[in-house]
Structures are given as structure tokens and as C-alpha cells.
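A.B. asks: build the 3D model from these lines:
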Amino acid sequence: MRCHRPGSELESAIHPSATSELLRTPSTACDPPRSDARKGLAVWAPTESIPVGARTFRAIAWSVCVALGVALPSAAAPYRAAGQVPTEDGVYARMYTSKGLIIARLTPDLTPLAVANFVGLAEGTIDNAAFDPGQPFYDGSVYHRVVSGHVIQTGVPVSDRARGSGNTFPNEIHASVSHDHAGALNQANSGPHTNSNQFTITLGDRSYLDWDYIVFGDVVAGLDIVMNVVQGDVLDSVRIDRIGPDAEAYRPDTDFFRALVVVAEARVARDEERKKEAEEAWVRESWPELSGAVDSLRTIQLAPPTRERRADETLSVRYTGMRVRWMGHLIGYEDPELNVSDFASGEDGQPGFYQVPVRFDYRPGESTINPGLEQALGEMGIGERRLVIVPAALGYGRSGLYMPEIEGQPRFVISPYTLLVYEVEVLGDERGSGSR
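C.D. replies: Numbers count the residues shown, from 1 in each chain. Now for the predicted structure:
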């Protein structure tokens, strides 16, 4: 098995002092653990020639190889035969609830950080703010949020110390997994890169969550239990099963988890720079005449105003727009880095999947869309038409926009930190609603 690669991110991110010792014994750095029958555990049996300081690193390195994209048996195709005991190699979570047993197959090969967090908390092997080492984190948690057709959510510890783990970690989203079915394990968060201890299981097609949330496993048995969970039901316990030698070797601890976080944070920092560069290259290619700072509101006048507007005037507005979504943060994604899709104004001024833009009344200082578009509208006269480039910070920012669902239609979403482009027009008041 290949694992550690000289010159990789691992060398610079984790225990640099131990790296030279590890490189002197490449054939043993990825050896699987031996079984210790006395304890019923898989434990590390490092070669005696490896210094003690490198032994801990060696155990971490075996698992961190997953994050670096080296060969491991794939768990990408979920085993979904409901009601059957899993037999395929892999890491599984047995979730005993007040309604029955749910079994999920986890994806440490695709989402090593999220799975390390979940397994480490479940087994008490990752330091956290709620419990002492060795105490299972999730036992007794309540399903505090259940939304029909959407998700069941749990993971708040039953602890008098803390309501969370005290740990957060960056997004780690793999392009090959999706929320497009019931039974996907999803990492709950309060915005990009705020993942912690709470998790959900989907109750239907929630594919609009793809690319913004981590899917780190899939229910393989007990989906009927998932569908019957109600708010207030209890997650009695979570136990981890390992089938196969690679799964047996997967034993995340605090050092391993923190090492993965370091690697992920470095990746996120690089991705942020790549995102800015890709977006600005696209903007400059599309509108070379555009001026202004990258992070500022930038506009091009497409048609001059026919008259000035009155101070108390209600505007009649319509717009079309483009969501410029950067995809380079997705692991395993090979398509173009920018995904550009259209939208248009609805009757309430909010964006949606409209073929033709709908006129709406806009009252400056009262109506709310987003700061960037509101600033542009505040500068426009009656009859004026503008192209408006709204950077993410002046658009929907860290929260994004999730419009209410309409039955039978895909949900309209603007992902967090999305660049927006508008062609907006302030119309006359010929409808009779031009002033208050």
C-alpha cells in the first residue's frame, strides 16, 4: 500500500521533526495494526527501529494518507440493502435510537476529516469540551430538529459542561456524493467551515444542499427507522463497526484529527485565493471595460435615465442575473471551476427560476434584497439600466439565500460567498404604482 509521499502536504503540516525518521522507513510507515486479543482492539505495532517520537506520527500518517488522495479501497458506492447486516469492507456506524437501529456506512476515503470527527467523538478518542477521554459523545443525544421531508438532526451532547465538542473543522465536500436521496449523513453547520458535532440524516432529495454541506456516509439499514423518527426521540448510542483490514486500522484520535484540520485549513486558504483569481478572470474577460476594485460594487451603465426620480418615489424594478459559483473547492471535481446559472426577479423582488423577469415595487430604505443591489438601485434614475457586479460580501455573504420551497419545483438557492451579476432596470410608473 502506498501512503506517505515525500514532499507532500503531510510533511509540512504535521510534526516536521518526525518526518525525517518516517522517511527512513517508508516500507513500515503504512503497516496496518496488529490485533491484540487481550483487549479486543487493533493496536499499533511499530518497528522497533523507529524512534518513539516518530511512532505516533506513523499511526497518524497511515490515516492521513486518505486525505492526500492515495489508494485505499473505495467506499463511494453505498451498500443500501435495507434490513441486511453489512458484509462489505468498510467503517460503519450502528446508531441505536428509541425507534430502532440505524446502520450507516461512513466514507473515510472520501471525507476523512468528517469521518474522523464523527468516529472519534462516538468512541471518545478525540478531546472535546463535553466529556472526559474515553466517554462516548453521542450517547443519549436527542433528535432536537425534525423537518418532514427534509432531515432529522441530533448530536448535542448530554453534558453539564458544554453543548458542543469545542472543535470545528473546514468543509470537506466530495463531488461524488450527494444529498439526492433519503439516508444521506450530513454534517450540520452554521455556515462554511463551522462543522462540529451535530449531524443530520436526509429524509428525501435535498440535492440543493450539495456542494455546501459535507455528506460523510449513507444509511444501509434501518431507513424505515429514520423515516419514523420524531422530534424528541433519543439517540441512545453510537457504536463503530470495522470490516476488513483497512477499516480495522482506522483508529482516529486527537492527534490524527488535528493533523487533518491543519491540512484542511491550508487547502481552504489556497482555495480562497484560487476562487478570487478565477472569478476576476471571468469578469475581466466578460466586461473588459469594467473598472473598480475587485471587492467593491462595480457597474456599467447600459441605458441612461429618462428622468430623475422623486425622493418619495416607489420604484418599479426588474432584473435578470447570474450566479457565479466557484466549484474548485470540491474534492474530485473535474469540470470547469466556475458554474454560471441564470435567475430573474420575482414579484416580491427576490430571485428565482423565472423565465421572464417580473416587475416589482421597490421602496428605497424599506425593501430588502441584498446590500449590493440596494446600493445600485439607490443611485439609479427612472428609465436607467445597469450591469451590476455584486461581490459576495455585498450579496448574500456567508449565509447565502435559501428561498422557500415550491412543491414540484427545485428549490432556488444562492450558495454562501457567491458572486452575483445583475442586469437591472428601473422602469417608469405607467402601472400607476410609481409613488406613494
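A.B. asks: quick one: low-confidence ranges for the protein?
C.D. replies: Applying pLDDT under 70 to the predicted model, the residue ranges of the chain that meet it are 1-85, 429-436.
A.B. asks: strands paired with the longest strand belonging to it, and their directions?
C.D. replies: Taking residue count as the measure and DSSP state E as the definition, the longest strand of the chain comes out as strand 315-326. Partner strands for strand 315-326, per DSSP bridges, with pairing direction: strand 338-345 (antiparallel), strand 360-362 (antiparallel), strand 419-427 (antiparallel).
A.B. asks: report the buried residues of the first one.
C.D. replies: By neighbour count, with 16 or more other Cβ atoms under 10 Å as the criterion, the buried positions of strand 338-345 are 338, 343-345. For glycine as for every other residue, the C-beta is placed from the backbone atoms N, C-alpha and C.
A.B. asks: can you lay out the strands paired with strand 315-326 as JSON lines showing distance to Leu209?
C.D. replies: Compiled in JSON lines, the strands paired with strand 315-326 are given as follows (distance: least, Cβ to Cβ, whole Å):
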{"stretch": "strand 338-345", "distance to Leu209": "16"}
{"stretch": "strand 360-362", "distance to Leu209": "28"}
{"stretch": "strand 419-427", "distance to Leu209": "20"}
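A.B. asks: if I read this right, Pro410 contacts Phe353, doesn't it?
C.D. replies: Yes - under the criterion of Cβ atoms under 8 Å, Pro410 makes contact with Phe353 at 6.9 Å.
A.B. asks: neighbour count: those two, which is higher?
C.D. replies: Neighbours around Pro410 and Phe353, counted as other Cβ atoms under 10 Å, are more numerous at Phe353. The numbers are 15 against 11.
A.B. asks: wait, which of the buried residues of strand 338-345 is closest to Ser148?
C.D. replies: The shortest distance between Ser148 and any of these, using Cβ to Cβ, involves Phe343 and amounts to 27.3 Å.
A.B. asks: now the closest one, nearest residue through space, not along the chain?
C.D. replies: Residue nearest to Phe343 in three dimensions, not counting chain neighbours: Pro351, with 4.4 Å by Cβ to Cβ, 6 or more residues apart in numbering.
A.B. asks: now do Tyr138
C.D. replies: Excluding its sequence neighbours, the residue lying closest to Tyr138 (Cβ to Cβ, 6+ apart) is Val238, at 4.4 Å.
A.B. asks: contact partners of the host helix or strand of the one you found?
C.D. replies: Assigned by DSSP states H and E, Val238 falls within strand 234-243. Defining contact as Cβ atoms under 8 Å, 6 or more residues apart in numbering, one finds that strand 234-243 is touched by 42, 86-98, 119, 122-123, 136, 138-143, 154, 248, 250.
A.B. asks: buried ones among those residues?
C.D. replies: Buried residues within these, counting neighbours by 16+ other Cβ under 10 Å: 42, 86, 88, 90-97, 119, 122-123, 136, 138-139, 141-143, 154, 248, 250.
A.B. asks: export the longest strand of the chain as PDB, just CAs?
C.D. replies: Presented in PDB, the C-alpha positions along strand 315-326 are these (Å, rounded to 0.1, in the frame of the first residue of the first chain):
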ATOM      1  CA  LEU A 315     -39.600  52.300  -8.000                       C
ATOM      2  CA  SER A 316     -40.800  49.700 -10.400                       C
ATOM      3  CA  VAL A 317     -37.800  47.400 -11.000                       C
ATOM      4  CA  ARG A 318     -37.000  44.200 -12.800                       C
ATOM      5  CA  TYR A 319     -33.700  42.300 -13.200                       C
ATOM      6  CA  THR A 320     -32.100  39.200 -14.700                       C
ATOM      7  CA  GLY A 321     -29.000  37.800 -13.100                       C
ATOM      8  CA  MET A 322     -26.300  35.200 -12.900                       C
ATOM      9  CA  ARG A 323     -25.000  33.100 -10.000                       C
ATOM     10  CA  VAL A 324     -21.200  32.600 -10.500                       C
ATOM     11  CA  ARG A 325     -20.500  29.600  -8.300                       C
ATOM     12  CA  TRP A 326     -16.900  28.600  -7.800                       C
END
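A.B. asks: SS state for Tyr208?
C.D. replies: Recorded secondary structure, Tyr208: helix (DSSP: H, G, I helix; E, B strand; the rest coil).
A.B. asks: over to Pro288: give its phi and psi.
C.D. replies: According to degrees, to the nearest 10, the main-chain angles of Pro288 amount to phi -60, psi -20.
A.B. asks: what's the burial count for it?
C.D. replies: For Pro288, the neighbour count with other Cβ under 10 Å is 7.
A.B. asks: again with the one 10 residues further on
C.D. replies: The number of residues packed near Arg298 is 20, by other Cβ under 10 Å.
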